[in-house]
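Enquirer: Quick one, structure for this:
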Amino acid sequence: MSLIKNDYPILEYDTESKAIIMPGHSTDFHFPERAVMLFMDTEVDHYALENDCEIIGQFNTVTKAFNVYKTIHNGVELAVCQAPLGGAAATQSMEQLVAGGVKKIIAAGCCGALFTDNEGDFYIPVSALRQEGTSYHYLPPSREVTLNDKAINAIADVLINRGFRYKKCKTWTTDGFYRETKEMVEYRKAEGYSVVEMECASLAACAEFRNITFGQLLFTADSLANIEAHDIRNWGNRHFALAMDLAMYAAVEV
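Expert: Numbers count the residues shown, from 1 in each chain. Just a heads-up that it's a prediction; the model follows:
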C-alpha cells in the first residue's frame, strides 16, 4: 500500500508517482531542458515582445492563460514563463514544464523581509519552511525542504560575477498571506528565517519528487521587520526586470 494515513489530512502522503490526472495529458509539450519561472507579469510580456520570442506552450487555467516562450540567452535555449501566485498554482506550472522535458528550473520573485534590510536585497534560499499545503503531496511530512546545491551555487556565481551582494537564507513559505500575525512573525525570526514568500517550499518539494534541479532567487519587497508597522515600500517593483535577467543567466549556468 502506497498511502500513508494520518488523523490530520495534510500529513497523509502517497508514495505512488502516477496520479489519475497527469501533467501534459491534453497536449504534448516539447520544451528546452532549462527554464525560468518568473513571479512577475509586465516584465515577462515586455521581454517576449522585445526579443520576438516564440510561444511554445500555453497553460490554461480558469483565470488566465500563461504563455511559455522560447528564447536564446547567452547561446542557450530557455523556456520562459510567468509563474502564478501561490504554491499550488505555481507547482501546476512546474509540473507542466517538467512534463514537456524541462530538467532545470530557476525561479525568481519578490519576498517579504523579516529583518531590517534594503528593498531589493537578494537572497538565495537553501531551505524552506513548509507552512503551506502543496509540498505535503510530494514529500513525506517534515519541517523544511532543502534546495538543490547546484542551483544555489549557479545563482550565487551569477550574482558574484555581476557584482551583487546576496545572502543565503532559510525562507518561510506560507499560503496564509493574511495570517502572518505578530507572534508568528517573531517566532519565525527567532527560528532563523530571513524572508517570507508563498511558493518556494512547494516548488522545491515538487522538484525533488520529479528529480529535477530547482533553485530560486528572491529579492525583498515589503518589510515585516517592524511588526508594529508593515512597510510596503514599493513592493519591489524597481527590481523585477533585474531579477529576471539574473535568473536567466543562472538557468544557463546551472
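
Enquirer: So which elements touch the host helix or strand of residue 246?
Expert: Here residue 246, judged by DSSP states H and E, is contained in helix 240-253. Here helix 240-253 touches strand 34-38, helix 42-50, strand 65-73, strand 76-82, strand 104-113, helix 149-161, strand 213-223, going by 3 or more CB pairs under 8 Å, 6 or more residues apart in numbering; DSSP states H and E. In this view, the C-beta of every residue, glycine as well, is placed from N, C-alpha and C.

Enquirer: just so I know, which of those lies nearest residue 185?
Expert: Ranking the helices and strands packed on helix 240-253 by their distance to residue 185 (criterion: CB to CB) puts strand 104-113 first, at 9.2 Å.

Enquirer: wait, residue 125 sits on residue 167?
Expert: No: Residue 125 lies out of contact with residue 167 (CB atoms under 8 Å); the separation is 10.0 Å.

Enquirer: sorry, back to before: so which of the helices and strands packed on helix 240-253 is nearest residue 234?
Expert: Nearest to residue 234, of the helices and strands packed on helix 240-253 and by CB to CB, is strand 213-223 at 7.8 Å.

Enquirer: Run the chain-centre distance for the closest one.
Expert: The chain centroid and the centroid of strand 213-223 are separated by 7 Å under CA atoms, centre = their mean, to the nearest Å.

Enquirer: Would you check that residue 3 makes contact with residue 137?
Expert: No: in this structure residue 3 lies outside contact range of residue 137 using CB under 8 Å: 11.9 Å.

Enquirer: Taking strand 65-73 as reference, get the angle to the helix holding residue 246.
Expert: On the basis of axes from the mean of the first three to the mean of the last three CA atoms, to 10 degrees, helix 240-253 is oriented at 60 degrees to strand 65-73.
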